[in-house]
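**Student:** quick check, what structure comes out for this input:
(chains A and B)
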There are 2 protein chains.
Amino acid sequence: MSTERILLEHGGGGLLSHELVTEVFLPLFSNACLDRLEDSAVVTLEGRKFCFTTDSYVIDPIFFPGGNIGSLAVHGTINDLSVCGGIPLMLSAGFILEEGFPMEDLKQITRSMAEAAKTAGVSIVTGDTKVVARGAADGLFINTSGIGMIEYPQPLSVDSIQPGDAVLVSGTLGDHGATVLCRRRELGLSSGIRSDSAPLNGLISSILAASQHIHCMRDPTRGGLGAILAEIAGQSGFSITIQESELPVRDEVKGVCEILGFDPFFLANEGKVAVFCAPADADRILATLRNHEYGRDAKIIGSVGERNGGGLIMQTIIGGSRVVDLPLGELVPRIC
Amino acid sequence: MSTERILLEHGGGGLLSHELVTEVFLPLFSNACLDRLEDSAVVTLEGRKFCFTTDSYVIDPIFFPGGNIGSLAVHGTINDLSVCGGIPLMLSAGFILEEGFPMEDLKQITRSMAEAAKTAGVSIVTGDTKVVARGAADGLFINTSGIGMIEYPQPLSVDSIQPGDAVLVSGTLGDHGATVLCRRRELGLSSGIRSDSAPLNGLISSILAASQHIHCMRDPTRGGLGAILAEIAGQSGFSITIQESELPVRDEVKGVCEILGFDPFFLANEGKVAVFCAPADADRILATLRNHEYGRDAKIIGSVGERNGGGLIMQTIIGGSRVVDLPLGELVPRIC
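**Tutor:** Predicted coordinates for the structure are as follows:
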C-alpha cells in the first residue's frame, strides 16, 4: 500500500479500495471463501450451499428522496445475497449512534428497515447498539449482515463467465448517486430525481427461474456499473465490450451529471443488477427483467470477448472505442 | 422512550439500553427469534440449529493492554455465539475508517484479528470497508457478525433456567473494564492490569461436553456481571441470589475500582462466562472450568430462587442482603 494513511478514496470502490483489500486484508485473512472477492461468501453447511455477507452504511445525508439509511441498509444486504444466487433468509442490524441523535429520526429509520425487510420477506433476527460521544461519529452508521440459501445449481461467479456471454443491466444507471449528489450540494433541482434503492431478490429469483445459463451477477453500487465491469474484466481476464449507445440513463440523471461533471457510468445504483449469461438466453432474461417492476428499463449492453488479460472497452456513440480503467477512487464519498 | 435524543447511557448495557431495544427496535422488528433477546439468534435451517449474531466495536482506546479493537471484535462475536451453544464457524468483518487513520495501525489491527480468528479456529469469510471524512468517525469502528452451529441437545436460554439452578462465573470480574478505565484516564498505574479479552469457544465446548444440564450462559460484557444477572432475573421472573464473598476479583482491579469509585460487579469482561446449571452438575462444571486456561478462577457464586417477579439479591460480605437493580447506563462508555 503506497499511502501511509487512509484516504477517502480507499472507500470509493475504485482502485485504492481494491488495493486496500488485496494488499492489507486478503494476505492476512486469506481463505478460499474470502479470496473469491464476490459480494457474498458462499459456504457449504451440512451439504447445503449458503451465502453470508456484510455491509456498513455511512451514507450522508441519512434521509434522501427514495429512502433513508435504514431502507438502504436492508436493500443493500439483500442485494449482495441475491446477486450470489442466495434467497435472503435473515439479517442482523448493528447501530452506531452519535450522542444527541434525534430519537424520532431513529424511529423513522427503524420503521423503514422493518418495512423494507417485510416487503422483501426477510426477518431482522439479531442486533446490536453502540453509542459514541458527540463528534465521534456522524449521526448514525448501520451495519447489516445477512444469510441466504442458494438453490441455483450452477455456481454464480466471475469464474463462471464464458467468452461470448451477453452482458445485461436491469435498468437506468446512476440514479442513487445522482440523487445523493443533488441532495448534498443543495442544488435545488426540482428534477424529481430519486434513488433506485430497492430489494432485488424478487427480480433475481425470476431470472434464475427463467434461465439455467446465468453465469455471474453483480449490483453496481460504489463506483457504479463502470467500476464493477472494470473489476470483473480484471478478475476474469476476459475483455468486456460495452455499447455506450445501449446504456440506459434517465434524462434527469444525465442533466445532473452534465451540470456537475460526473459520468453516470461511474455513479452508484442501489437497485440494479448486471447479469452475465449465455448469449442464447439473453433475450429471454431481458424479457423476464422487463416484466418486473424493477427491471422495466433493462438492456443488453455488451458482451464478453477473448481472454486477453482483461480489459473493459467502451464502443462510443460517435463510433470510436476506448479502454475504461477502474477509477482511482470515487468522487462521491459516503454514497452508501 | 422518555428522552428525545440518544444519550451515552443508551449504549451502556443498562436500563436505558434495555429500553431502547424494547421500546424502539423490538416493536418494529418483532419476530420469534429477535424477541428472545439472547446474545445470538437461534435459527433452524434444513433441520439443523444455527446461531447468528452481530456486534459493532467502538472501543476507545483502540489499543489496550491485552489486545486491541481487532482481537476484541473477533473474541466478542465468537463469545456471543459460544454462550448460545454455537460452535463458531465463520465471521464477517465490516470496517468504518476515518480519513487519515494510520495504515500501520490498520495492518496491526488486521493482523490481530487474523491471529485471534486462527487461534479460535474460525475463518473471516466476507468483509466490507467504508471510509468517512476526518471528524465523521473516531479512528476506526469494526463490526463482526458470525454464524455458529449448535449441537447441544437442550435449548440454552433464559427460558430454560430452573429454580434451584447453580450460578457460576468462569473467572475474575471487571478486568477488561478496569484496563480500559486505567488506560483512558492515563492513571499511570503500573498495575500490570490487562484485559481478559479471549475466545471462549474452547472453554464452553468443554463444559457442554461435561454436562447435559447447562441451562443458560451469558458473557458479562457491557454493564458487567451485575447487568447481565439483573437482566436475566428480570426476563426469567426468578429471583437470583449472589454471594458477594464468592465473587472473584483481582486485587489490582479492586485497587483501581477503589481509587476511581467503580464496582467490579458492573465492570465489563471480555473473556468470562456466567453459567446457569442444574445444582447436581455444578461441581463437575466448576472442575471443568478450572481445568481450562480461561477458567482457572471459576467460582460457584449463587443460585436461582423462586419465580417471584424476578430480582437480583446480593448477600453481602457483612451478612446483609440487598436488591441489585439494572444500572441506568454504564459509567464507562465505549468499553467495547
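**Student:** so which residues of the stretch 151-300 of chain A form helices?
**Tutor:** A:175-184, A:201-210, A:224-236, A:251-260, A:282-290 (DSSP state H, counting those that start in this stretch).
**Student:** so which bits of the stretch 201-336 of chain A are right by chain B?
**Tutor:** A:333-334, A:336 (Cβ under 8 Å from any Cβ of the partner chain). For every residue, glycine as well, the C-beta is placed using N, CA and C.
**Student:** of those residues - the most surrounded one?
**Tutor:** The most crowded member of those, judged by other Cβ atoms under 10 Å in any protein chain shown, is residue A:336 (24 neighbours).
**Student:** show the pLDDT at that one.
**Tutor:** At residue A:336, the model reports a pLDDT of 93.
**Student:** ok, it touching residue A:268?
**Tutor:** Yes - if you go by Cβ atoms under 8 Å, residue A:336 and residue A:268 touch, sitting 6.4 Å apart.
**Student:** pull up the overlap in contacts between those two.
**Tutor:** When Cβ atoms under 8 Å, 6 or more residues apart in numbering or on different chains defines a contact, the residues bordering residue A:336 and residue A:268 alike are A:176, A:221-222.
**Student:** with neighbour count and pLDDT added, can I get those in a markdown table?
**Tutor:** Shown next, in a markdown table, are the shared contacts of residue A:336 and residue A:268 (neighbours: other Cβ atoms under 10 Å in any protein chain shown; pLDDT from 0 to 100):
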| residue | neighbour count | pLDDT |
| --- | --- | --- |
| A:176 | 32 | 97 |
| A:221 | 25 | 94 |
| A:222 | 22 | 90 |
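**Student:** return the member of those nearest to residue B:275.
**Tutor:** Relative to residue B:275, the closest of the shared contacts of residue A:336 and residue A:268 is residue A:221; by Cβ to Cβ it sits at 43.7 Å.
**Student:** out of everything not next to it in sequence, what's closest to that closest one?
**Tutor:** Closest residue to residue A:221 apart from its sequence neighbours, by Cβ to Cβ, 6 or more residues apart in numbering or on different chains: residue A:268 at 5.2 Å.
**Student:** check contacts around that neighbour.
**Tutor:** Residues in contact with residue A:268 (Cβ under 8 Å, 6+ apart) are A:13, A:174, A:176-177, A:180, A:220-224, A:330, A:332, A:335-336.
**Student:** after the longest helix anywhere in chain A, which helix or strand is next?
**Tutor:** Counting by DSSP state H, the longest helix found in chain A is helix A:103-120. Sequence order places strand A:123-132 as the next helix or strand after helix A:103-120, per DSSP states H and E.
**Student:** partner strands of that next one, parallel or antiparallel?
**Tutor:** strand A:86-98 (parallel) (DSSP bridges).
**Student:** care to break chain A down by domain?
**Tutor:** A:40-150, A:158-324 (automatic domain parsing).
**Student:** tell me which of these sits most buried.
**Tutor:** Using mean count of other Cβ atoms under 10 Å in any protein chain shown, the stretch among those with the largest mean neighbour count is domain A:40-150, at a mean of 23.
**Student:** among the residues of the stretch 201-336 of chain A next to chain B, find me the one that's closest to residue B:114.
**Tutor:** residue A:336 (26.4 Å).
**Student:** quick one on the thing from earlier: quick one: average pLDDT of the longest helix of chain A?
**Tutor:** Mean predicted lDDT for helix A:103-120 stands at 97.
**Student:** got it, and stretch A:237-245?
**Tutor:** Here stretch A:237-245 scores 97 as its mean pLDDT.
**Student:** bridged to the residue in the stretch 51-200 of chain A positioned nearest to chain B, which residues?
**Tutor:** The stretch 51-200 of chain A approaches chain B most closely through residue A:131 (2.9 Å), counting by Cβ to the nearest Cβ. Per DSSP bridges, the residues bridged to residue A:131 are residue A:97.
**Student:** and it, what does it touch?
**Tutor:** Going by Cβ under 8 Å, 6+ apart, the list of residues near residue A:131 reads A:96-99, B:6-12, B:333.
**Student:** hmm, try it at 10 Å
**Tutor:** A:95-101, A:137, B:6-12, B:16-17, B:20, B:58, B:329-330, B:333-334 (Cβ atoms under 10 Å, 6 or more residues apart in numbering or on different chains).
**Student:** among these, which ones are in helices?
**Tutor:** Among the contacts of residue A:131, the residues falling in helices (DSSP H) are B:16-17, B:20.
**Student:** and the residues you listed near chain A, which?
**Tutor:** Applying Cβ under 10 Å from any Cβ of the partner chain, the subset of the ones in helices among the contacts of residue A:131 adjacent to chain A comprises B:16-17, B:20.
**Student:** return the member of those residues nearest to residue A:85.
**Tutor:** For those, the nearest to residue A:85 is residue B:20 (36.2 Å; Cβ to Cβ).
**Student:** next, count neighbours for the closest residue to that closest one other than its chain neighbours.
**Tutor:** Excluding the flanking residues, the one nearest residue B:20 by Cβ to Cβ, 6+ apart is residue B:10, at 4.9 Å. Neighbourhood size, residue B:10 [other Cβ under 10 Å]: 29.
**Student:** wait, doesn't residue B:10 sit right on residue B:25?
**Tutor:** No - checked against Cβ atoms under 10 Å, the pair residue B:10 and residue B:25 is beyond contact range at 11.3 Å.
**Student:** list residues touching both of those two?
**Tutor:** With Cβ under 10 Å, 6+ apart as the test, residue B:10 and residue B:25 both reach A:95, A:106, A:129.
**Student:** quick one: pLDDT of the nearest residue to the first one once chain neighbours are set aside?
**Tutor:** Sequence neighbours aside, residue A:129 is the residue nearest to residue A:95 in space, at 4.7 Å (criterion: Cβ to Cβ, 6+ apart). As summarised for this prediction, residue A:129 has a pLDDT of 95.
**Student:** okay, and the beta partners of the closest residue to residue A:46 other than its chain neighbours?
**Tutor:** Distances taken as Cβ to Cβ, 6+ apart put residue B:48 closest to residue A:46, at 5.3 Å, once the chain neighbours are dropped. Beta bridges link residue B:48 to residue B:45, judged by DSSP bridges.
**Student:** contacts only, for the residue of the stretch 151-300 of chain A found nearest chain B.
**Tutor:** Scanning the stretch 151-300 of chain A for the residue nearest chain B gives residue A:222, at 9.1 Å (criterion: Cβ to the nearest Cβ). Residue A:222 makes contact with A:11-14, A:17, A:177, A:228, A:266-268, A:329-330, A:332-333, A:335-336, B:130 under the criterion Cβ under 10 Å, 6+ apart.
**Student:** burial measure for the residue nearest to it when sequence neighbours are not counted, as a count.
**Tutor:** Excluding the flanking residues, the one nearest residue A:222 by Cβ to Cβ, 6+ apart is residue A:13, at 2.9 Å. Residues near residue A:13, counting by other Cβ under 10 Å, number 27.
**Student:** my guess is residue A:13 contacts residue A:227. True?
**Tutor:** Yes - using Cβ under 10 Å, residue A:13 is in contact with residue A:227, at 5.1 Å.
**Student:** follow-up on the earlier one: per-residue pLDDT, the residue nearest to residue A:46?
**Tutor:** In this model, residue B:48 is scored at 89, pLDDT.
**Student:** export stretch A:32-50 to PDB, keeping only CA atoms.
**Tutor:** Taking Å, rounded to 0.1, in the frame of the first residue of the first chain, the C-alpha atoms of stretch A:32-50 are listed here in PDB:
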ATOM      1  CA  ALA A  32     -10.700 -19.900  -0.100                       C
ATOM      2  CA  CYS A  33     -14.000 -18.200   0.500                       C
ATOM      3  CA  LEU A  34     -12.800 -14.600   1.000                       C
ATOM      4  CA  ASP A  35     -10.200 -14.800  -1.700                       C
ATOM      5  CA  ARG A  36     -13.000 -15.000  -4.300                       C
ATOM      6  CA  LEU A  37     -13.900 -11.400  -3.600                       C
ATOM      7  CA  GLU A  38     -17.600 -11.900  -4.500                       C
ATOM      8  CA  ASP A  39     -20.300  -9.800  -2.900                       C
ATOM      9  CA  SER A  40     -21.100 -12.700  -0.500                       C
ATOM     10  CA  ALA A  41     -19.100 -15.600   0.800                       C
ATOM     11  CA  VAL A  42     -20.600 -18.900  -0.500                       C
ATOM     12  CA  VAL A  43     -20.200 -21.700   2.100                       C
ATOM     13  CA  THR A  44     -21.400 -25.300   2.300                       C
ATOM     14  CA  LEU A  45     -23.000 -26.200   5.700                       C
ATOM     15  CA  GLU A  46     -24.300 -29.700   6.100                       C
ATOM     16  CA  GLY A  47     -24.300 -30.300   2.400                       C
ATOM     17  CA  ARG A  48     -26.400 -27.200   1.600                       C
ATOM     18  CA  LYS A  49     -25.000 -24.000   0.000                       C
ATOM     19  CA  PHE A  50     -25.500 -20.800   1.900                       C
END
